[in-house]
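Participant: got a sequence here, can you model it:
(6 chains)
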4 protein chains.
Amino acid sequence: MGAVKTKRMPRAVREQQMLDAAVQIFGRRGYMAASMDEIAELAGVSKPLVYLYLNSKEDLFTACIRREATALTDAVRAGVRGELPADRQLWEGLQAFFAHTAEHPHAWSVLHLQARTHGEPFAAEVAAMREEIVAFVTRLVAAAAREAHRDPDLPEREVAGLAEALVGAAESLAAWANATPHVTARQAAATMMNFAWSGLGNLMAGHPWTPPADEA
Amino acid sequence: MGAVKTKRMPRAVREQQMLDAAVQIFGRRGYMAASMDEIAELAGVSKPLVYLYLNSKEDLFTACIRREATALTDAVRAGVRGELPADRQLWEGLQAFFAHTAEHPHAWSVLHLQARTHGEPFAAEVAAMREEIVAFVTRLVAAAAREAHRDPDLPEREVAGLAEALVGAAESLAAWANATPHVTARQAAATMMNFAWSGLGNLMAGHPWTPPADEA
Amino acid sequence: MGAVKTKRMPRAVREQQMLDAAVQIFGRRGYMAASMDEIAELAGVSKPLVYLYLNSKEDLFTACIRREATALTDAVRAGVRGELPADRQLWEGLQAFFAHTAEHPHAWSVLHLQARTHGEPFAAEVAAMREEIVAFVTRLVAAAAREAHRDPDLPEREVAGLAEALVGAAESLAAWANATPHVTARQAAATMMNFAWSGLGNLMAGHPWTPPADEA
Amino acid sequence: MGAVKTKRMPRAVREQQMLDAAVQIFGRRGYMAASMDEIAELAGVSKPLVYLYLNSKEDLFTACIRREATALTDAVRAGVRGELPADRQLWEGLQAFFAHTAEHPHAWSVLHLQARTHGEPFAAEVAAMREEIVAFVTRLVAAAAREAHRDPDLPEREVAGLAEALVGAAESLAAWANATPHVTARQAAATMMNFAWSGLGNLMAGHPWTPPADEA
DNA sequence: CATGAATGAGACTTCATTCAT
DNA sequence: TATGAATGAAGTCTCATTCAT
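Facilitator: Next up is the predicted model:
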């Protein structure tokens, strides 16, 4: 188990191996309980090399957060086509989000649980990513309001609260989907759309949001 | 700082003091970073006494989780009147929830962040509480469906997903409300109702959920 | 070897044992080469106890320096009778100094070599002690000048230089006396008086300083 | 900062660059705290090259000591003209000594502080140099005795002690002169002559040693 | 009931040193 | 010749936990 022990690799490659191992261990054990020994072993290198390249446990953790935050936002961005109406964009973004978090559960654990649980420096790193996503959602809500010719604008804090709730719901659902067998990204996204777009009231009245039938 | 150092208290009282201190420290520092030394000092007792009464760090943490989980569910239960329609019950439950988490931020940190970040034994404890709340929400959704004479029942897993999303949104909003100045429990609950009951679609179309005007 | 392993001693006693061990190891190996493990073992306690009582290696070293500096200045002060003429006071002070350094060679190594070799915080500690001794010598020189009715006062910096040279010579001689077998404190002090009081010129001309014949 | 990084230099030159760097780092940080990394970087070469040329940290330190000890004794020897009377020779030697130590403070730190603080192998190296200087001083004292027709020869150990004290005083004064602004080598040497040649007694009586007025 | 005294185990980190190119 | 890559060994420090009074 762990990376095959190959000797003398260029620095950039070794660094990625270390980050891979670190994300896995941090995700499994949590920041404090993770030991540099275990990370080094899983990466197939000696501990001093980890320190030589990544400096300290804190820096290593930060590097993990940064890499995975970027990967996640990139994945979401890549999944969305900007020319579609707001609900369709949200639908696509959610699918990309659930797909990515399902494929990288350790990374998601690092971002969603570990990073927020261990003080400012790390939490701030995730907050930046979150803000980017919240901003994306906020743009969608604004666009939807325009499309619907909504007249009295929603107060700014109300929008912030809504975006927060939506993102929170999605995050929570991601954890649930990861833990529940046979729940696909598509299904999770559909549940989210029903919940967030139609609302429970409409849903109960028999008016769910209906996904488009085009995709794989 | 810390409890006033009084000698010879009955065991039950001492134990509560210890749990108070532990919740505070665990909430502030996280499970691993919290030290038994600091907890004992804040509780105003010697470390061996903590071990005598609560056995080990794990047991102490579990006791904290259990006490605070019970307190939270009790608070929510106490806030709801079962004879009202579903949306009103949800409205009241959410208010109670946001009010309690705002008043006990350390406890909320323990339940929402710390307990889920440190492996099965603790996560399971919180999961039990969560299930109780999810069950409550599920009953509400079922009741709402009945009230609306919804015909084809929602598939069970879909309901589970919706409840999960709703709870997740509420949890996320609780953290946000705690961190954002001047957001009251009532406002947070109203945002949740708009979001969860009416849905973004309706909201954009100018049909928000309207809270009743009766309460303080 | 090392202190007899007795259990459960009061804190003050254990602290002294630790300082004893630390002075010995620091004196033998130097600050950096000394390991806390070795010190703890020689003190007959576990390492954590050393940290519990003395905080850190730096603090431990500082405590050693302080204790030994105080002991040395106390010893010198106790050896001098203030009512005698200047040269007799110097003679007595030197004897006390050489006797003390000979009896506590590790302590002398800590003060003379180790403390000065490892940065400001420690050097400053010794500098304070040294200044006290230099001040004592400076008073003697001034007194001698008064006794001799010397008219044009010596410039202040000149006095500082002389005191520095005298103390330096004594320090150096202490190391030499410790390393050379069969050199007593009395002999070392006599050499110093010849050198410092009479000067090489007088000495060569057959006019040495003659010690009083009273003491043991 | 550091030597300019030039490729392909002859071995002898590279070695000197390394020794320069090593003396500086050892002088600044002390033997143990100095790291081979820092030395290699300051020398502008890679660490393996340092090992190729100088074998080990111990050997490197020894090489530093040897080079600087030779440089110092050479400087003193070069400053003394053997045909002059003893006190003039001492005067010249002291001036050369203070001038050299002032110009090479790192080297002086290595010889005076670091080398003596780290065990036999290094201390022995310095002891050899010191003996050479002490021998020089001893010859002067003997010469002075002859000039003064002193009859009963000073016992050998007494001479050793005097030389030791003189050298110790000079060493101490060198450190003091380096640390005190605006004290020149000439002034330091003058203080030493007053102290060592005339003695405090004479000095107090108004009979200092007077330097010749010839030099720059 | 309550605590001062004590420790085994393990964490992070650094360093001198060596391969393989 | 010269170096980027790599590590065994050791050091400081912290913590949960237990005696013995």
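Participant: got the phi/psi numbers for the spatially most central residue of chain A?
Facilitator: Closest residue to the average C-alpha location of chain A: A:Leu72 at 5.1 Å, with C-alpha atoms, centre = their mean. Torsion angles at A:Leu72 (phi, psi; degrees, to the nearest 10) stand at phi -70, psi -50.
Participant: ok, it - contacts?
Facilitator: A:97, A:100-101, A:104, A:107-108, A:111, A:129 (C-beta atoms under 8 Å, 6 or more residues apart in numbering or on different chains). From N, CA and C alone the C-beta is placed, and that goes for glycine too.
Participant: the same query, at a cut-off of 10 Å, please.
Facilitator: A:96-97, A:100-101, A:104, A:107-108, A:111, A:129, A:132-133 (C-beta atoms under 10 Å, 6 or more residues apart in numbering or on different chains).
Participant: widest-spaced pair of those?
Facilitator: A:His104 and A:Glu132 (17.7 Å; C-beta to C-beta).
Participant: what about these two, which has more around it?
Facilitator: Higher neighbour count among A:His104 and A:Glu132: A:His104, with 18 against 14, using other C-beta atoms under 10 Å in any protein chain shown.
Participant: so what's the backbone phi/psi at the more buried one?
Facilitator: In terms of degrees, to the nearest 10, the main-chain angles of A:His104 are phi -130, psi 70.
Participant: give me the local confidence score for it.
Facilitator: On pLDDT, A:His104 comes in at 96.
Participant: ok, now how distant is it from A:Gln24?
Facilitator: Distance check for A:His104 against A:Gln24: by C-beta to C-beta, to the nearest Å, it reads 10 Å.
Participant: what is in contact with these two at once?
Facilitator: Joint contacts of A:His104 and A:Gln24 (C-beta under 10 Å, 6+ apart) are A:Val110.
Participant: returning to that earlier point: could the contacts of A:Leu72 go into JSON lines alongside distance to B:Leu49 and secondary structure?
Facilitator: Shown next, in JSON lines, are the contacts of A:Leu72 (distance: C-beta to C-beta, whole Å; DSSP: H, G, I helix; E, B strand; the rest coil):
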{"residue": "A:Ala96", "distance to B:Leu49": "53", "secondary structure": "helix"}
{"residue": "A:Phe97", "distance to B:Leu49": "49", "secondary structure": "helix"}
{"residue": "A:His100", "distance to B:Leu49": "49", "secondary structure": "helix"}
{"residue": "A:Thr101", "distance to B:Leu49": "44", "secondary structure": "helix"}
{"residue": "A:His104", "distance to B:Leu49": "45", "secondary structure": "coil"}
{"residue": "A:Ala107", "distance to B:Leu49": "43", "secondary structure": "helix"}
{"residue": "A:Trp108", "distance to B:Leu49": "41", "secondary structure": "helix"}
{"residue": "A:Leu111", "distance to B:Leu49": "40", "secondary structure": "helix"}
{"residue": "A:Met129", "distance to B:Leu49": "44", "secondary structure": "helix"}
{"residue": "A:Glu132", "distance to B:Leu49": "49", "secondary structure": "helix"}
{"residue": "A:Ile133", "distance to B:Leu49": "47", "secondary structure": "helix"}
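Participant: make a ChimeraX selection of the buried ones in these.
Facilitator: In ChimeraX, this line selects whichever of those come out buried by 16 or more other C-beta atoms under 10 Å in any protein chain shown:
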select /A:96,97,100,101,104,107,108,111,129,133
